[in-house]
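**Student:** What follows is a predicted structure for the sequence shown.
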Amino acid sequence: MAAAAMAAVAVAGTIAALALEPHSVASAVQWAYALPLLAFPALGWLIASRRPDSAYGWVLLATADCLALGLVGAALLLRIGQGADVPGPLAAVLTAMLTLFYGLTWVFIPLLFPEGRLPSARWRPVAWLAAGGIALHWVGIVLIPEATMGQFPSGELGALDLLALGAAGFGQTLVFVLALVVLGSVIVRWRRSRASERRQLGWLIAGILTNLTGALLLVFVPPIGPDAAAVIGVISVVGALPATITVAFLRHNLLDIRVGLKGSRLYLVFDVRPTVDELLSGLGPALEDMEPVEQLGRLAAAVRTGLDTRWAAVSLSDGTRVVAGREEGRPALTVPAGLGHIDCGPKTAGRLTREDRRLLTALAVPVALAIQSAGLAARLVNAQEAERRRIERNIHDGVQQQLVALIAGLEMARATGGEPQVLNPLREQARQTLSDLRELAAGIHPAVLSQGGLVEAVEERCSRLPVATTVTADEGLRERRFPDEIEGAVYFTVSEAVANALKHASASAIRVRLSHASGRLAASVTDDGKGFDPGTVTRTGLAMLADRLSALGGGLEVTSGQEEGTLVHAWVKIHA
């Protein structure tokens with residue numbers, strides 16, 4: 001909105017300046033050379049609206065506004081000279097805007113090219129000196145606005161007039177000298193730069209030289225008049241630099257602004273890189289319906305599109321790597337993203353800039369979330385596969401062998417006529433097999449958990465332990481039921497914790513606490529065993545359960561130390 005408003009001021013001011021010119025002065029030639037003035041606000045609006053964090057677009061818009069308002073002031077001064085009733089102070093202030101135009105054009109537009117920042121910190125004194133020179137020049141013109149038209153106050157000059165002329169002259173000279181210094185630095189950059197950057201700076205240098213040449217012409221030739229030199233000078237001052245900067249930006253994709261032909265039709269299409277907000281808002285709905293690995297692929301493609309690189313890749317810590325584009329060569333830019341990182345190849349045109357790094361850092365946030373989701377999904381799949389193999393192994397090693405033996409015994413009993421001494425052992429064997437099947441089923445989902453609830457299932461599980469175990473629960477929790485997946489997650493977490501206390505901690509007492517408060521169902525298992533260092537010991541079973549709890553919106557914490565016992569605290573969110 002602000003960029004459009006500033007551009008509108010520049011366009012309206014230019015039109016108003018030409019409309020206010022006295023009839024004897026305004027001509028078709030002036031309207032023709034006023035057209036280049038539109039390049040500054042057009043390019044400034046494009047950059048500022050699409051890259052609001054880049055100061056360059058705003059500098060271009062400010063330059064265009066100063067020129068347009070200064071021309072309005074100059075036109076008002078001409079009308080005052082012909083006897084028109086126009087407010088003199090207003091004309092003076094507006095005319096003084098031309099000094100800002102010259103200062104911005106000669107110093108700050110080339111100095112900040114193309115990304116809107118100083119080449120280095122050592123240029124700060126130059127920028128401050130230029131700002132001071134522009135201010136002195138402006139003050140002098142406000143006091144003697146006729147000086148911009150090559151005129152001076154008639155009659156004897158007073159002290160204020162002399163002071164104003166001195167300030168204006170000194171400020172203008174200082175700005176002009178600094179403009180030459182900046183031009184020299186741009187030429188040095190041009191000589192030291194690579195071929196692609198040299199072409200960009202070449203357009204800028206051509207515009208600056210043409211602009212300065214036109215300014216020198218205007219020192220000796222009045223800017224308004226039929227003389228060809230004056231017309232050339234004005235066109236050079238107001239049109240050369242915006243024209244060459246526009247060519248540099250569009251031809252060399254500066255700040256990722258491109259222009260070209262679409263298909264076979266003869267019209268121009270601006271291809272501007274999407275902003276961070278546009279990328280993230282566009283990615284959100286698409287990622288919701290995708291699997292984690294698909295999300296990584298989509299994010300890699302978004303990174304490649306957003307930075308306009310030849311390829312982009314998202315890598316996980318386990319070696320998984322998703323690439324968008326054809327990966328060639330080493331990464332030109334790498335940033336961390338959670339448990340992985342993002343790699344980018346070189347840009348299709350130009351070099352990666354600070355803006356590219358900022359955009360990539362912003363995209364690293366959703367990429368990190370996708371990496372975390374992918375890792376969580378992989379661990380859950382691995383946990384499910386490990387559980388499936390455990391059940392398969394238990395069936396194969398236990399119940400299956402018993403059933404094979406039972407079948408063989410039944411065949412023998414049939415062959416021998418079913419004597420009691422043969423059938424009785426087979427009956428006991430069948431009962432044992434049934435008991436083992438029940439135990440196996442309990443490992444999958446205990447029947448007591450489905451029938452009696454969480455508290456009763458935990459009490460039944462702990463009643464068979466060979467050490468003293470205490471189970472306590474909040475009042476009313478025994479009668480409360482929760483979704484099967486929540487009760488199962490908490491139950492198996494308690495089972496794993498007490499099993500670890502027995503197998504690894506050499507505990508003599510275990511305390512289990514079940515609670516429900518603040519929208520959380522929690523379970524704590526505390527033992528008086530020998531403890532351990534959680535940072536050095538891998539707890540595979542608890543890690544799988546932690547993933548299961550995390551998938552339900554919960555978490556798992558393990559606190560332990562040598563000879564200090566262990567506390568396992570698990571919780572799950574309960575939605576009302």
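**Tutor:** Noted; the coordinates are in hand. Residues are numbered from 1 along each chain as shown.
**Student:** Tell me, how many residues neighbour the residue nearest to Ser560 when sequence neighbours are not counted?
**Tutor:** Spatially, and ignoring its direct neighbours in sequence, Ser560 is nearest to Thr566 (4.0 Å; C-beta to C-beta, 6 or more residues apart in numbering). (C-beta placed from N, C-alpha, C; glycine too.) By the measure other C-beta atoms under 10 Å, the count of residues near Thr566 is 24.
**Student:** Three-state assignment for Val525, please.
**Tutor:** Assigned by DSSP: H, G, I helix; E, B strand; the rest coil, the conformation of Val525 is strand.
**Student:** surely it meets Val494?
**Tutor:** Yes - at 5.9 Å, Val525 and Val494 qualify as touching, with contact defined as C-beta atoms under 8 Å.
**Student:** shaky segments in the stretch 251-400 of the chain?
**Tutor:** For the stretch 251-400 of the chain, residues meeting the criterion pLDDT under 70 lie at 251-293, 318, 349-350, 366-400.
**Student:** mind running it again at 50?
**Tutor:** 260-267, 269-271, 397 (pLDDT under 50).
**Student:** picking up where we left off before, if I look at Val525 and Val494, which residues touch both of them?
**Tutor:** Taking C-beta atoms under 8 Å, 6 or more residues apart in numbering as the contact rule, Val525 and Val494 both touch Val512.
**Student:** State the mean pLDDT of stretch 164-180.
**Tutor:** Taken as a whole, stretch 164-180 has an average pLDDT of 87.
**Student:** Then stretch 410-421?
**Tutor:** For stretch 410-421, mean pLDDT is 68.
**Student:** And stretch 304-323, what's buried?
**Tutor:** 304, 306-316, 322-323 (16 or more other C-beta atoms under 10 Å).
**Student:** Out of the residues you listed, which sit inside helices?
**Tutor:** 304, 306-307 (DSSP state H).
**Student:** List just the nearest of these to Trp106.
**Tutor:** Proximity of those to Trp106 (C-beta to C-beta) peaks at Leu307, which lies at 33.6 Å.
**Student:** now the strands for this protein?
**Tutor:** Secondary structure of the chain (DSSP state E): strands at 257-261, 268-272, 311-316, 321-325, 333-337, 340-344, 468-473, 509-517, 520-527, 555-560, 566-573.
**Student:** export those to a markdown table and tack on distance to Gly207?
**Tutor:** Formatted as a markdown table, the strands of the chain follow (distance: least, C-beta to C-beta, whole Å):
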| stretch | distance to Gly207 |
| --- | --- |
| strand 257-261 | 17 |
| strand 268-272 | 21 |
| strand 311-316 | 35 |
| strand 321-325 | 36 |
| strand 333-337 | 31 |
| strand 340-344 | 32 |
| strand 468-473 | 80 |
| strand 509-517 | 71 |
| strand 520-527 | 66 |
| strand 555-560 | 61 |
| strand 566-573 | 62 |
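**Student:** Out of those, flag the one nearest Ile15.
**Tutor:** Short answer: strand 268-272, nearest of those by C-beta to C-beta, at 23.6 Å.
**Student:** Out of the ones in helices among the buried residues of stretch 304-323, which is nearest to Val471?
**Tutor:** The closest of these, once distances to Val471 are taken by C-beta to C-beta, is Gly306, at 54.7 Å.
**Student:** any idea how far Leu60 is from the closest one?
**Tutor:** 24 Å (C-beta to C-beta, to the nearest Å).
**Student:** what do you get for Leu37?
**Tutor:** 12 Å.
**Student:** Between those two, point out the one with more neighbours.
**Tutor:** Between Leu37 and Leu60, Leu60 has the larger neighbour count (other C-beta under 10 Å), namely 34 against 23.
**Student:** Select, from the buried residues of stretch 304-323, the two members most distant in space.
**Tutor:** Greatest spatial distance in the buried residues of stretch 304-323: Asp308 and Leu316, 24.8 Å, computed using C-beta to C-beta.
**Student:** shaky segments in the stretch 101-250 of the chain?
**Tutor:** 150, 223-226.
**Student:** Pipe the ones in helices among the buried residues of stretch 304-323 into JSON lines and attach distance to Leu98 per row.
**Tutor:** Formatted as JSON lines, these follow (distance: C-beta to C-beta, whole Å):
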{"residue": "Arg304", "distance to Leu98": "46"}
{"residue": "Gly306", "distance to Leu98": "40"}
{"residue": "Leu307", "distance to Leu98": "40"}
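**Student:** Looking at those, which one is closest to Gly171?
**Tutor:** Nearest to Gly171 among those, with distances taken as C-beta to C-beta, is Leu307, at 42.6 Å.
**Student:** my read: the closest one touches Thr361, true?
**Tutor:** No - judged on C-beta under 8 Å, Leu307 makes no contact with Thr361 at a distance of 11.4 Å.
**Student:** Identify the contacts common to these two.
**Tutor:** What both Leu307 and Thr361 touch, as defined by C-beta under 8 Å, 6+ apart, is an empty set.
**Student:** Can you tell me the closest non-neighbouring residue to Val93?
**Tutor:** Once flanking residues are discounted, Val93 sits nearest to Val142: 6.1 Å by C-beta to C-beta, 6+ apart.
**Student:** who are the neighbours in contact with that neighbour?
**Tutor:** Residues in contact with Val142 (C-beta under 8 Å, 6+ apart) are 92-93, 96.
**Student:** Just among these, which is most surrounded?
**Tutor:** Ala96 (25 neighbours).
**Student:** Distance-wise, check the nearest residue to that one once chain neighbours are set aside relative to Leu76.
**Tutor:** Spatial nearest neighbour of Ala96, excluding adjacent residues (C-beta to C-beta, 6+ apart): Ile141 at 4.1 Å. Distance from Ile141 to Leu76, counting by C-beta to C-beta: 14 Å.
**Student:** count of neighbours near the residue nearest to Ala96?
**Tutor:** 27.
**Student:** Show me the helices in the stretch 451-576 of the chain, by range?
**Tutor:** Secondary structure of the stretch 451-576 of the chain by DSSP state H, counting those that start in this stretch: the helices cover 454-463, 484-503, 540-551.
**Student:** Select, out of those helices, the one closest to Leu209.
**Tutor:** The closest approach between Leu209 and any of the helices of the stretch 451-576 of the chain, judged by C-beta to C-beta, belongs to helix 540-551 at 64.3 Å.
**Student:** picking up where we left off before, which neighbours do Leu37 and Leu60 share?
**Tutor:** Pro242.
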